[in-house]
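Trainee: Mind looking at a prediction? Sequence and model below.
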Amino acid sequence: MEVVKMGKRGDIVIPKEVRKKYGLKPGDLFALIDVDGVLTLYKVKSEGELLTELKHLGVLLEKAGYKKKEDVLKLVDEVKEELCEGSP
C-alpha cells in the first residue's frame, strides 16, 4: 500500500514505482470510483471501456453471492476494516 498526500489543487502524485509498474504516462485517463467512502482510481482508455469493466465487476460480484446492494456495501466495510488494520 502506498500513502500519498493531496496538494492544494487536489493533485495526487502517483509514486514513480507504481507509474513504472503499470506503464502510466502523463495524459492517461482515470476514473475515480467512490464506493461508500472507498476511493478507487482506475485507468481507462475510454468511457465505454469503463462501463464494460463495471458491468463485468457486477457479474463477478453476483457470481460470488453479492446480489444486493447491502451485500456489496457489507463487503466494502469488511475490506475497509482490513485496510485500516494494516495502516500506520
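Mentor: Cool, got the structure.
Trainee: Is it correct that E78 falls within a helix?
Mentor: Yes: under DSSP: H, G, I helix; E, B strand; the rest coil, E78 sits within a helix.
Trainee: tally of neighbours for it?
Mentor: Counted with other CB atoms under 10 Å, the neighbours of E78 add up to 10. C-betas here are computed from N, CA, C, even on glycine.
Trainee: Roughly how far does it sit from Y66?
Mentor: 11 Å (CB to CB, to the nearest Å).
Trainee: what's the answer for V44, then?
Mentor: Distance of V44 to Y66, computed by CB to CB: 23 Å.
Trainee: Point to the residue nearest the middle of the protein.
Mentor: The centre of the chain sits closest to T40, judged by CA atoms, centre = their mean, with a distance of 2.1 Å.
Trainee: For it, give the beta-bridge partners.
Mentor: Beta bridges link T40 to I33, judged by DSSP bridges.
Trainee: hang on, it packs against E53?
Mentor: No: the criterion here is CB atoms under 8 Å, and T40 misses it with E53 at 11.3 Å.
Trainee: who does the residue nearest to K45 when sequence neighbours are not counted bridge with?
Mentor: Distance criterion CB to CB, 6 or more residues apart in numbering; nearest residue to K45, sequence neighbours excluded, is L29 at 7.1 Å. Counting by DSSP bridges, L29 is bridged to V44.
Trainee: Let me see the contact set for L29.
Mentor: L29 makes contacts with K43, V44, K45, S46, as judged by CB atoms under 8 Å, 6 or more residues apart in numbering.
Trainee: Kindly report the same for V4.
Mentor: V4 makes contacts with I12, V13, I14, P15, as judged by CB under 8 Å, 6+ apart.
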